[in-house]
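Visitor: Quick one: sequence and predicted model below, then my questions.
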Amino acid sequence: MSDAVVVGAGHNGLISAIRLADAGWDVTVLEAAPEVGGAIKSAELTPGYVTDLFSAFYPLAVASPVFTDLALDEHGLKWSRAPLAFGHPAGPEDDDAPVIHPDAADTAAHLATFDRRDGQAWLDLVGQWETLRPAILNTLFGPFPPVRAVLSLLRSIGTAEALRLARFLVLPADQMVRELFRSEKAGLLILGNALHADIPLQAPGSGVMGYLLTMLGQDTGYPVPVGGASALSAALRRRAESAGAQIHCGSRVSWIDVRGGRAVGVVDRGGRRWKADRAVLADVSASALYTELLSPADVPARVLDDLQRFVWDTPVVKVNYAIDGKIPWRSSNLTGAGTVHLGADARNIAYSTADIETGNIPEHPFLLFGQMTTADAGRSPTGTESAWSYSHLPRGVTDDEAARLLAARMDEVLEEHAPGVSDMMVGRHVQTPHDLQTANANLVHGTVNGGTAQLFQQLVFRPTPNLGGATTPVDRLYLAGSAAHPGGGVHGACGSNAARAALASDGLRGLPRRTLSRTISRHLTKSRDKD
């Protein structure tokens, strides 16, 4: 018998295991796939070219307080960065795209060439970030509700500025850039990053995503693991095992064993029962937890009803390239950028997102494009580039025909910005939504965020209106995946928060917390039939 069983060895599951094992618990991790990592994996799809199959750049991991004390460098992890964090050309003919230099003063001087006032605006924004950085990161990635982090934030800025900051952070991205910058080019830096999430640029919450990723680009850059994404997963596994966690791959969990309203273990597909004396933590999607791993008798009817209204983020199509040479960008400064946002100036971004929101495959899609050899020289032979792009389909559109049509349009956008690149491709592999879900069951319908990041499904509303954290209606069962607050991204907060909740609720000292959680949960999830 273990103290805890963790279902799933994605990065959140591994971090849950690390936190519990560090606290002295006996921890067993069960992973259905042949290897750990979830959506942090790499492979040679084209011989000699290392391709990150899912996530690729990790500014959130480097910045997240969850990762700071893991000492993954002692377990073999090394980070590498591109000369420039990212860039965003204003259109196919733009030969001087805005980019982020390592030094904020250099970025400011660059932006000042578009409008002299934007240089100072950039320095002011970076100065604000440097003041607020610790409190913002602890607020975003700490347990919910973030009482301590908010108090720290108030101490940093004072109550007089708190409302102004709150207004700034809830601004839609398009309004945020209008208030910050004079030139369209400077504003593209935030708009492109805002589109890493599935929040419309006119919706509250889109601005803070753009602000966060843009400031991290200036602050930490967009680091990558040396050798490929799998190096990060391997380091997390070694860290977990060094703390005493036992990890079993190829062990698919069929259901969670609940007795008397309490999770007491799991059963794998071979019928083996894995007992958990203190907790079960599930690094799975919300739908998998409540509709597949739990018996309907163990899930309140209201939770099942709420899940009918659960909204996934938009499906992803990813195209992986092996390029025999350096990409011939029209804007030569993009040669040094690890990430490039392509296919949209301020107006075309609106068209592309409107297509997605109205169910149409974008004619001119917005792309996130990664130059992996630029970021890590060992990813492909000298003088070549391992690269990828991804874009989004409308919700509910996941068929392979639509995905391949979008992939072809993505190639066209790339060719517009780098004429001749298509002739340099020696390898091209498309990952459709079906491919993504087949490779990782948590990427439901090809989504990568564990559910929409829009405000109506964040905080106390994630994944359904309840406690807003890792706690579930089943005693000693915790949701440790990206369906829990604060959502998708490789920051580790979902796994860490689940482990913290399990530790805080354990034993006699945790009895009041468990009692209060069950009382609140039962009240919030009471069946409508009994209302």
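Guide: Yep, it's here. Numbering: from 1, shown residues only.

Visitor: Okay, now the unreliable bits of the stretch 201-350 of the chain?
Guide: Within the stretch 201-350 of the chain, the ranges that satisfy pLDDT under 70 run 346-347.

Visitor: which residue ranges form the strands in it?
Guide: In the stretch 201-350 of the chain, the segments counted as strands under DSSP state E, counting those that start in this stretch are 224-225, 246-249, 253-259, 262-268, 273-282, 316-323, 337-342.

Visitor: Tell me which of the ones you listed approaches residue 493 most closely.
Guide: Of all the strands of the stretch 201-350 of the chain, it is strand 273-282 that lies closest to residue 493, at 13.8 Å by C-beta to C-beta. To be clear about C-beta, it is placed using only N, CA and C from the backbone, and glycine gets the same treatment.

Visitor: so what secondary structure elements neighbour that closest one?
Guide: strand 2-7, helix 11-22, strand 27-31, strand 253-259, strand 262-268, strand 477-479, helix 493-504 (3 or more C-beta pairs under 8 Å, 6 or more residues apart in numbering; DSSP states H and E).

Visitor: Same list, these, but as CSV with mean neighbour count and distance to residue 459 please.
Guide: Shown next, in CSV, are those (neighbours: other C-beta atoms under 10 Å; distance: least, C-beta to C-beta, whole Å):
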stretch, mean neighbour count, distance to residue 459
strand 2-7, 27, 25
helix 11-22, 29, 18
strand 27-31, 26, 28
strand 253-259, 18, 26
strand 262-268, 20, 25
strand 477-479, 28, 15
helix 493-504, 26, 13
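
Visitor: Let me have the strands of the stretch 201-350 of the chain in a markdown table, extended by distance to residue 132.
Guide: Shown next, in a markdown table, are these (distance: least, C-beta to C-beta, whole Å):
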| stretch | distance to residue 132 |
| --- | --- |
| strand 224-225 | 26 |
| strand 246-249 | 38 |
| strand 253-259 | 40 |
| strand 262-268 | 39 |
| strand 273-282 | 31 |
| strand 316-323 | 31 |
| strand 337-342 | 23 |
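
Visitor: looking at these, which is closest to residue 446?
Guide: strand 316-323 (5.2 Å).

Visitor: Tell me the strands beside the closest one, with direction?
Guide: strand 385-392 (antiparallel), strand 425-431 (antiparallel) (DSSP bridges).

Visitor: and the shortest one, how far out from the chain's middle?
Guide: Relative to the chain's own centre, strand 425-431 is displaced by 24 Å; criterion: C-alpha atoms, centre = their mean, to the nearest Å.

Visitor: Over to the longest one?
Guide: Strand 385-392 has its average C-alpha position 16 Å from the chain's average C-alpha position, going by C-alpha atoms, centre = their mean.

Visitor: Next, the angle strand 337-342 makes with it.
Guide: 40 degrees (axes from the mean of the first three to the mean of the last three C-alpha atoms, to 10 degrees).

Visitor: How about the shortest one?
Guide: Counting by the same axes, to 10 degrees, strand 425-431 points 70 degrees away from the direction of strand 337-342.

Visitor: mind starting the numbering at 32 from now?
Guide: Sounds good: first residue 32 from here, last item strand 456-462.

Visitor: Any chance you could list what contacts strand 456-462?
Guide: With contacts defined as C-beta atoms under 8 Å, 6 or more residues apart in numbering, strand 456-462 is touched by 76-77, 80, 82, 84, 347-355, 434-435, 438, 470.

Visitor: Could you single out the most deeply buried of the strands paired with strand 347-354?
Guide: strand 416-423 (a mean of 25; mean count of other C-beta atoms under 10 Å).

Visitor: Keeping just the C-alphas, turn that one into CSV.
Guide: Coordinates of the C-alpha atoms in strand 416-423 are reproduced here as CSV (Å, rounded to 0.1, in the frame of the first residue of the first chain):
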residue,chain,number,x,y,z
GLU,A,416,16.5,24.3,-38.9
SER,A,417,14.2,22.0,-36.9
ALA,A,418,10.9,24.0,-36.9
TRP,A,419,7.2,23.8,-36.3
SER,A,420,4.1,25.8,-36.6
TYR,A,421,0.7,25.5,-35.0
SER,A,422,-2.7,27.1,-35.5
HIS,A,423,-6.3,26.6,-34.4
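
Visitor: in the following helix or strand past that strand, what counts as buried?
Guide: Downstream of strand 416-423, the next assigned helix or strand under DSSP states H and E is helix 431-448. The neighbour-count check on helix 431-448 (16 or more other C-beta atoms under 10 Å) flags 433-434, 437-438, 440-442, 444-445, 447-448 as buried.

Visitor: Centre of the chain to stretch 119-130, how far?
Guide: 26 Å.

Visitor: buried stuff in it?
Guide: 119-123, 125, 128-130.

Visitor: Identify, from those residues, the entry nearest to residue 284.
Guide: So of these, ranked by how close each gets to residue 284 (C-beta to C-beta), first place is residue 119, at 42.1 Å.

Visitor: how about the closest one, what does it touch?
Guide: With C-beta under 8 Å, 6+ apart, residue 119 has these contacts: 128-129, 219-220, 222-223, 371-373.

Visitor: Residue 397: which of the strands of the stretch 232-381 of the chain is closest?
Guide: With C-beta to C-beta as the yardstick, what comes closest out of the strands of the stretch 232-381 of the chain is strand 368-373 (7.2 Å).
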